Each structure stands twice: as C-alpha cells, then as structure tokens.
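# Quick one: sequence and predicted model below, then my questions.
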Amino acid sequence: MKTSLVKYVLYDILQNRIVIAYTVFLLAVSMGLFALSDQPAQGLISLLNIVLIVVPLVSLIFSTIHLYNAADFIELLAAQPLKRSAILWSEFWGLSLAMITAIIIGVGIPVLVYAPNPTGFSLLGTALSLTLVFIALAFWASVATRDKARGIGVALLTWFYFALLYDALVLFILFGFADYPLEKATLALMSLNPIDLGRIIVLLQMDISALMGYTGALFNALFGTVWGIIYALSIMLLWVAAPLYFAQRIFRKKDL
C-alpha cells in the first residue's frame, strides 16, 4: 500500500461537500440531542438510534458512489507498476480515514463533552466499527458489479436488509419457534448482523439487561465481560475482513 496514494485519496474525500455536510449533520444532531435531553443517558439512546441508521447508510452509499466515480482513476493506477491489492487498500484506507474523521468530529466531540463514560465511548466505538464494516461491504458490492446503477441498488438492498429486514426475520423465527429454547440461538443471530451487535453492546452498558429477560441475562453474561468485548470486536473485525477479502479476490482478476 502506497502512503502517498492514501494521502491523496484522503485529501480528495475530505474536500467532498457530502462528507463535510455529513460531519456537520452529525455534529448538529448530536449536540442538539444532548442539549434537549435532561440526562446524558437519554441523549445517548436518541443518538444511538441515529447512529444505527444514518452511519451505515451514508458509509455504504457514499463509498459505493465514490468507487464508481473513481473508476477512471483506478484504471489509470492499474496501468502503473502498482499491485492491485495496493490500489484497493489505498482506496479503502483513504475512504475509512475520511469517514472516521467525520465520526470523531460529529459524534466523538459531543460524547466527550456531554457523556465521557463507558456508554458514550461504546457508542463512539460502535459508530466507528459500523463505518468500517459498511465501507468494506461497499467495496465488495462495487467490485462485484460493473454497472453503477446496479451497484448502488445492491448497496441500498444491503442496508435495507441489515437495518430493517433482518430484525423482522429474527422476530419471525423467534415467534415461530417460541416453544423451543432459542436464547443461545439468538446470540448467534445477533452476531450475524453488525448493527444489532452494536446496539446490544451499547444498551448493555446502560445496565438495562434486566428488562430484557433471560435473553438479556445471556447477553450480559457474554458481552459484559472482557472476553465478551473481545468476542464482539472479533466479530466486527470479521465483518470488515471478509468483504474486503472477497473484494480483493474479485478485483485481482477483474478486467478493467
């Protein structure tokens, strides 16, 4: 990976008006939610709902559009004595650092001001993790699909599945097999959705597992320990690594 290439991609994206607007939006919403809430915990819950919907959507769609718009630039780089893996990773880290900067300014600063506690930091960590996960998914969708409209459609369907449809499917399974012990299966189902995994990690920091019944106790037993945090981080890392691995395999063989 060429450091100079990463810097160029990062500098180019940081000047993008969409990224600037995204940063300002997050900062304004975060500050507004904390200012309107009587307690920091209320502001964190409201901000969590925004983070779980907006961050994956913007990360996925912006990254997909950027990669298609940068197709000519990527083709030019591929004609140079550069490894394709270096090109892909440079684009990924440039995009990631730009979006992470937006999260740190838009979410991190308000959290440090109003809620510098484990719950606030877990929310910030969840936002950063989801950013990397959905940028990786955007790379996979963009590399696998040559047509821009189809690629953006795949990205939108991916977000719709993880943000909305997946929870409905889980509820359908839980109601359909309500007579069976599904607590441990529920833990596995949550790991298959990075958004749900991030939501559980943040909510458990608020000590509301008692309101979630026996399943909540299992969540607390798993994610409330050091090993649980390591497990959650490992799953998030896998959600980043797996799409990038498949994207890299496709990009190496793709006819540009």
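All right, it came through fine.
# now for the host helix or strand of residue 41, which elements pack on it?
Assigning secondary structure by DSSP states H and E places residue 41 in helix 40-69. Judged by 3 or more CB pairs under 8 Å, 6 or more residues apart in numbering; DSSP states H and E, helix 40-69 is in contact with helix 17-36, helix 84-103, helix 109-114, helix 118-144, helix 148-160, helix 194-204. Just so you know, the C-beta spots here come from the backbone N, C-alpha and C atoms, and that holds for glycine as well.
# I'd like the next helix or strand past the helix or strand bottoming out on mean pLDDT in the chain.
Every helix and strand of the chain was ranked by mean pLDDT, DSSP states H and E. The lowest is helix 213-223, at a mean of 54. Counting by DSSP H and E, the next helix or strand C-terminal to helix 213-223 is helix 226-253.
# what angle do that following helix and helix 84-103 make?
Counting by axes from the mean of the first three to the mean of the last three CA atoms, to 10 degrees, helix 226-253 points 130 degrees away from the direction of helix 84-103.
# For the helix or strand that the helix holding residue 41 is followed by, list every residue counted as buried.
Proceeding N to C from helix 40-69, the next assigned helix or strand is helix 71-78, under DSSP H and E. Neighbour-count burial for helix 71-78, counted by 16 or more other CB atoms under 10 Å, picks out 74, 77.
# quick one: pLDDT of residue 252?
At residue 252, the pLDDT value in this model is 80.
# Name all residues that make contact with it.
84, 85 (CB atoms under 8 Å, 6 or more residues apart in numbering).
# Likewise for residue 46?
33, 37.
# if we go to 10 Å?
Residues counted as contacts of residue 46 (CB atoms under 10 Å, 6 or more residues apart in numbering) are 29, 30, 32, 33, 34, 36, 37.
# I'd like those written out as TSV, with neighbour count and distance to residue 188 added.
Formatted as TSV, the contacts of residue 46 follow (neighbours: other CB atoms under 10 Å; distance: CB to CB, whole Å):
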residue	neighbour count	distance to residue 188
29	18	33
30	26	33
32	14	37
33	20	33
34	21	35
36	10	38
37	17	34
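# As a markdown table, those with pLDDT and distance to residue 122 would be great.
Listed next are those as a markdown table, based on pLDDT from 0 to 100; distance: CB to CB, whole Å:
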| residue | pLDDT | distance to residue 122 |
| --- | --- | --- |
| 29 | 90 | 19 |
| 30 | 89 | 15 |
| 32 | 88 | 21 |
| 33 | 87 | 17 |
| 34 | 86 | 16 |
| 36 | 83 | 22 |
| 37 | 77 | 18 |
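# For residue 114, state which of the residues you listed is nearest.
residue 34 (4.1 Å; CB to CB).
# Below-threshold pLDDT in the protein: ranges please.
Residue ranges of the chain with pLDDT under 70: 1-2, 174, 176-186, 207-228, 255-256.
# Can you tell me the centre-most residue of it?
Centroid-nearest residue in the chain: residue 130, 1.6 Å away (criterion: CA atoms, centre = their mean).
# Report the separation between that residue and residue 71.
Computed with CB to CB, to the nearest Å, the distance linking residue 130 and residue 71 is 26 Å.
# Pull out the buried residues from the helix holding residue 41.
40-41, 43-48, 50-52, 54-68.
# how far is it from where the chain is centred?
Put simply, helix 40-69 sits 7 Å off its chain's centre (CA atoms, centre = their mean, to the nearest Å).
# Tell me what angle it forms with helix 17-36.
170 degrees.
# oh, and call the first residue 35 from now on, that's how I've got it
OK, 35 is where the count begins now, so the last one is helix 74-103.
# Could you check the angle helix 74-103 makes with helix 182-194?
160 degrees.
# So residue 75 sits against residue 152, correct?
No: in this structure, residue 75 is not within contact of residue 152 by CB atoms under 10 Å, at 11.8 Å.
# between these two, what contacts are shared?
Joint contacts of residue 75 and residue 152 (CB under 10 Å, 6+ apart) are 239, 240.
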